[in-house]
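>>> A structural model of the following input is requested.
(2 chains)
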Amino acid sequence: GENVEQHPSTLSVQEGDSAVIKCTYSDSASNYFPWYKQELGKRPQLIIDIRSNVGEKKDQRIAVTLNKTAKHFSLHITETQPEDSAVYFCAARSNAGNMLTFGGGTRLMVKP
Amino acid sequence: GAVVSQHPSWVICKSGTSVKIECRSLDFQATTMFWYRQFPKQSLMLMATSNEGSKATYEQGVEKDKFLINHASLTLSTLTVTSAHPEDSSFYICSASAAGGPDTQYFGPGTRLTVL
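Next up is the predicted model:
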């Protein structure tokens, strides 16, 4: 089955700096890669996603890049703000069953 | 749009009792719903995939007789934790994908289960 690794597990940045979170996946057939933001005790919220036919996608301060050959994808947050502080999860969906496999999560702390 | 609700949001029960958690898609039909368990400071672990009108597909290591899943309609799936024990205490989250829609999974707010 699919295996998703996520790094780093914790990330501390100064307000205004950029943050990058990286994930690798094992199943070359995976074709959908969402990123979720989860605040303490709350539901994961989809912040951006990318499909395997696209190499990069941007939405305001958030961007995701995908390298299918290397089987890794990254989340980029620019001009970080304290409200960006949360746990971020990457995920990969294989062709079979529409199920998502999640990375271990990254706790992002943005210091004001 | 694409709102998923869960009920209850939290529950405390005695060891040995059964607890039912409901997951509803409020404004869309979901042929597939997913049940996850999340322990503190850990990632979401898929427990089972619930398909409307058919038996759920359980992940390896998840006891289907302990975690009963019923997906009776396109807007409701239930997870029943039978004979709950303290080690079952966790945050249970469901998600749903819209029938005929995009790949996006929308998550419910989660149910925090504490078994005494």
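>>> Tell me where chain B has strands.
In chain B, the segments counted as strands under DSSP state E are B:4-7, B:10-13, B:19-25, B:32-38, B:45-51, B:57-58, B:67-73, B:76-81, B:90-97, B:105-107, B:111-115.
>>> A:Gln45 is nearest to which of the ones you listed?
When the strands of chain B are compared by Cβ to Cβ, strand B:105-107 sits nearest A:Gln45, at 7.5 Å. Every residue, glycine included, has its C-beta placed from N, CA and C.
>>> could you say what helices and strands that closest one packs with?
Under the contact definition 3 or more Cβ pairs under 8 Å, 6 or more residues apart in numbering or on different chains; DSSP states H and E, strand B:105-107 sits against strand A:45-51, strand B:90-97.
>>> mind redoing it with 10 Å?
strand A:32-38, strand A:45-51, strand B:4-7, strand B:32-38, strand B:90-97 (3 or more Cβ pairs under 10 Å, 6 or more residues apart in numbering or on different chains; DSSP states H and E).
>>> mind listing what the residue nearest the centre of chain B touches?
Among the residues of chain B, the one closest to the centroid is B:Trp35, at 3.6 Å (Cα atoms, centre = their mean). By Cβ atoms under 10 Å, 6 or more residues apart in numbering or on different chains, the contact set of B:Trp35 is B:21, B:23, B:45-50, B:56, B:58-59, B:62, B:67, B:69, B:77-79, B:92-95, B:108.
>>> try 8 Å this time
Listed by Cβ atoms under 8 Å, 6 or more residues apart in numbering or on different chains, the contact partners of B:Trp35 are B:Cys23, B:Leu46, B:Met47, B:Ala48, B:Ser50, B:Phe67, B:Ile69, B:Ser77, B:Leu79, B:Tyr92, B:Ile93, B:Cys94.
>>> Could you verify my assumption that A:Gly104 touches A:Glu5?
Yes. Between A:Gly104 and A:Glu5 there is a contact under Cβ atoms under 8 Å: 7.4 Å.
>>> Kind regards, and thank you for your time.
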